[in-house]
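Visitor: With the sequence up front, the predicted model follows.
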Amino acid sequence: MSDERKYPSDEELTAFLDGELPPDEARRIEALIAADGGVAERVEFLSRASLPFDQAFAPLLAAAPHDDLQAMLAKLSPLPEARPAKVGRRAFLGALAASLVAGIVVDRSYIGLRRHLDRDESSEWRAVVAEYIDLYTADTLSGPTPGIETQTAELAIIRDKLGLSLSPASVALSGVEFKRALVLQYDGKPLAQIAYLDPETGPLALCIVRTDDGAQPLRMEGRKGMNVVYWSSGSHAFMLIGHASPERMQEIAGDVENRVAA
């Protein structure tokens, strides 16, 4: 792949969103957003997760076909008596911004809105993580494995942001390489991601957010063609996501649950 078509890293996309790239690099990213739906989706996720809402989406909203969208919303059938999941401006406008960036017609935004309306609010963060991790390849995490000191420093950031003390030993996975730990932001709340590379099945991630829902046992679901095991302690919700078999994912998650709780 030529330099012009090289898939940008998260760091490059974040610098682009913050206006910190040189003009030539910024133009290259703009061209990739226009040509590659995967790049556009990742830019949309990083915008929604990290930037001030008004600044991030004001230019896109100014160009949005508001009349057409309002007409579509007016035609929606009333929802059943059961209370629908709450839809924040961030979720809806994030889907709308992604459609505009990728050059997709407004009905794609409508589909995104319906998806958020139908989603259980407590699982929404897992859906967003799955969309993001689905963009990962083995090349995304192909760099050298950081040393213990670096791992400890990265995990200390998670401790400070989420109030959860983790050590390299407590998050080490058998046969899987630790690659990085970082804190993202979703709907104004910190979201920790610990990324690994499984030599057999590719990227795997352990993600954590705060929760008030209390302790919940290990459960499994499928998202974006990946297996997800999720559970919660009294104060934090966890999800392990990857392409390993359901049995292997449950085994890894059970091990992590025991060590993190110890």
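Guide: Done, it's in. Residues are numbered from 1 along each chain as shown.

Visitor: now the helices for the stretch 151-262 of the chain?
Guide: Secondary structure of the stretch 151-262 of the chain (DSSP state H, counting those that start in this stretch): helices at 246-261.

Visitor: what bits of it have low per-residue confidence?
Guide: Applying pLDDT under 70 to the stretch 151-262 of the chain flags residues 262.

Visitor: What are the boundaries of the strands in it?
Guide: Applying DSSP state E, counting those that start in this stretch to the stretch 151-262 of the chain gives strands spanning 177-186, 189-198, 202-210, 216-223, 226-232, 236-242.

Visitor: Tabulate the ones you listed (TSV), appending mean neighbour count and distance to residue 123.
Guide: (C-beta placed from N, C-alpha, C; glycine too.) Listed next are these as TSV, based on neighbours: other CB atoms under 10 Å; distance: least, CB to CB, whole Å:
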stretch	mean neighbour count	distance to residue 123
strand 177-186	18	13
strand 189-198	20	14
strand 202-210	22	12
strand 216-223	13	8
strand 226-232	22	8
strand 236-242	23	9
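
Visitor: could you dump these to TSV with distance to residue 37?
Guide: Formatted as TSV, the entries for those read as follows, by distance: least, CB to CB, whole Å:
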stretch	distance to residue 37
strand 177-186	21
strand 189-198	22
strand 202-210	19
strand 216-223	19
strand 226-232	19
strand 236-242	21
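
Visitor: closest one to residue 18 among these?
Guide: Taking CB to CB, strand 177-186 is the member of the strands of the stretch 151-262 of the chain nearest to residue 18, at 13.8 Å.

Visitor: Nearest to residue 138, out of the strands of the stretch 151-262 of the chain?
Guide: Ranking these by distance to residue 138, with CB to CB as the measure, places strand 202-210 first at 5.0 Å.

Visitor: and the closest one, which strands flank it?
Guide: strand 189-198 (antiparallel), strand 236-242 (antiparallel) (DSSP bridges).

Visitor: before we move on, back to that, out of the strands of the stretch 151-262 of the chain, which is closest to residue 142?
Guide: Set against residue 142 and scored by CB to CB, those come closest in strand 189-198, at 7.5 Å.

Visitor: With adjacent residues omitted, what lies nearest to residue 8?
Guide: For residue 8, ignoring the flanking residues on the chain, the nearest one in space by CB to CB, 6 or more residues apart in numbering is residue 29 at 5.9 Å.

Visitor: you'd agree that neighbour is in a helix?
Guide: Yes: under DSSP: H, G, I helix; E, B strand; the rest coil, residue 29 sits within a helix.

Visitor: can you count the residues close to it?
Guide: Other residues near residue 29 number 18, with proximity taken as other CB atoms under 10 Å.

Visitor: Am I right that it is in contact with residue 11?
Guide: No: the pair residue 29 and residue 11 does not pass the contact test of CB atoms under 8 Å, sitting 11.9 Å apart.

Visitor: what about residue 14, how many neighbours?
Guide: If you count neighbours by other CB under 10 Å, residue 14 ends up with 18.

Visitor: Checking it next. Helix, strand or coil?
Guide: Looking at residue 14 with three-state DSSP, the answer is helix.

Visitor: Over to the one 5 residues further on?
Guide: What three-state DSSP gives for residue 19 is coil.

Visitor: separation between it and residue 162?
Guide: In this structure, residue 19 and residue 162 are separated by 29 Å, where distance is defined by CB to CB, to the nearest Å.

Visitor: Who has more neighbours out of these two?
Guide: Here residue 19 and residue 162 are set side by side on neighbour count (other CB under 10 Å), and the busier one is residue 162, at 19 against 7.

Visitor: Would you agree that one is in contact with residue 236?
Guide: Yes: Residue 162 is in contact with residue 236 according to CB under 8 Å; the separation is 6.7 Å.

Visitor: any common contacting residues for these two?
Guide: Common neighbours of residue 162 and residue 236, counting by CB atoms under 8 Å, 6 or more residues apart in numbering, are 208-210.

Visitor: JSON lines for these, including distance to residue 138?
Guide: Shown next, in JSON lines, are the shared contacts of residue 162 and residue 236 (distance: CB to CB, whole Å):
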{"residue": "208", "distance to residue 138": "23"}
{"residue": "209", "distance to residue 138": "26"}
{"residue": "210", "distance to residue 138": "31"}
